[in-house]
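>>> I'd like to go over a predicted model; first the sequence, then the structure.
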Amino acid sequence: MKSSLIACLAALALLTACSSDDKSASAGGAGGSNAAGGVGGLGGVGGRGVAGNAIPGSQEDLAQNAGDRIFFDSDQSRLNDKARAIVERQVAWLRQNPQVSVWVAGNCDERGTEEYNLALGQRRANADQAYLVANGIAKSRIETISYGKSRPINASSSPEGWAENRNAITSVK
C-alpha cells in the first residue's frame with residue numbers, strides 16, 4: 001500500500017514537472033502534423049516538438065510551420081497539388097525569414113540505377129527550387145543537391161517505403 005502511494009505521488013510529481021505555464025506554446029498553432037498537410041494544415045513533421053516552441057528561422061520552425069518535405073509520384077519530378085501547397089507555405093515562411101537560405105535535396109526510391117536516380121533526384125530538387133523562385137524567393141538563397149537513392153527515409157522494399165523515399169527535403173543552411 002505504501003509503495004503504491006509513493007509510486008502515485010512520484011508519477012504526479014513527474015506530470016507536474018512536465019506541465020508548462022507558457023501559453024505561447026499553444027497560442028495560434030496546432031499540435032503535431034505531417035509533411036503531407038497534417039493536423040491544422042501546418043505541414044511540419046511530427047515528433048519535432050510543439051508548434052510555437054521552435055526558434056524562429058530554425059529547421060524545426062520550418063518543419064512545424066511550413067513543412068520541410070514534399071513527395072512525388074513514381075518516376076516524376078512534377079509537383080502535385082499537395083506538394084505545391086507545402087512549397088507555398090515554404091514561400092511564406094522564407095518571406096518571413098529573409099535571412100535564411102536553404103538546401104533542397106532530391107531523393108528517390110531504391111528502384112532504378114544509381115545514375116537514373118541521381119538525375120531524377122536533381123530534377124525533383126530543381127522543380128522545388130523553380131517553384132520557390134517563381135513565387136519570389138531569390139535563387140541565391142536556394143541550393144540544390146540530389147542524393148538519388150542513397151538516403152532512404154524508409155528502408156522497407158514496399159510501395160509504402162518507396163512512396164516515402166520519393167521526396168525533396170528542404171533544410172535550413
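Thanks, I have the structure now.
>>> contacts, neighbours, all on C-alpha from now
Fine.
>>> Go through this protein and flag its longest helix.
In the chain, taking DSSP state H as the definition, the longest helix is helix 114-134.
>>> And the next helix or strand past that one?
Where DSSP states H and E defines the elements, the next helix or strand beyond helix 114-134 is strand 142-148.
>>> Now residue 110. Its backbone dihedrals?
Dihedral angles of residue 110 (phi, psi; degrees, to the nearest 10) stand at phi -70, psi -10.
>>> Ignoring the adjacent residues along the chain, who's closest to it?
Closest residue in space to residue 110, ignoring its immediate chain neighbours: residue 149 at 5.3 Å, by Cα to Cα, 6 or more residues apart in numbering.
>>> Quick check, the one you found in contact with residue 109.
Yes. Counting by Cα atoms under 8 Å, residue 149 touches residue 109, with 5.5 Å between them.
>>> anything in contact with each of the two?
By Cα atoms under 8 Å, 6 or more residues apart in numbering, residue 149 and residue 109 have these common neighbours: 117, 165.
>>> And stretch 138-155, end to end?
35 Å (Cα to Cα, to the nearest Å).
>>> likewise stretch 148-166?
9 Å.
>>> same thing with stretch 156-173?
29 Å.
>>> tell me the mean pLDDT over it?
Mean per-residue pLDDT for stretch 156-173: 97.
>>> Run through this structure and note the low-pLDDT ranges.
1-52 (pLDDT under 70).
>>> Helices of that one, start to end?
All helices of the chain, identified by DSSP H, fall at 2-18, 59-65, 81-96, 114-134, 159-165.
>>> If you count contacts, what does the longest one end up packed against?
What it means is helix 114-134. helix 81-96, strand 102-107, strand 142-148, strand 167-172 (3 or more Cα pairs under 8 Å, 6 or more residues apart in numbering; DSSP states H and E).
>>> Out of those, which is the most enclosed?
Here the criterion is mean neighbour count by mean count of other Cα atoms under 10 Å, and of the helices and strands packed on helix 114-134 the winner is strand 102-107, at a mean of 25.
>>> any idea of the angle that one forms with strand 167-172?
Angle between the axes of strand 102-107 and strand 167-172 is 160 degrees (criterion: axes from the mean of the first three to the mean of the last three Cα atoms, to 10 degrees).
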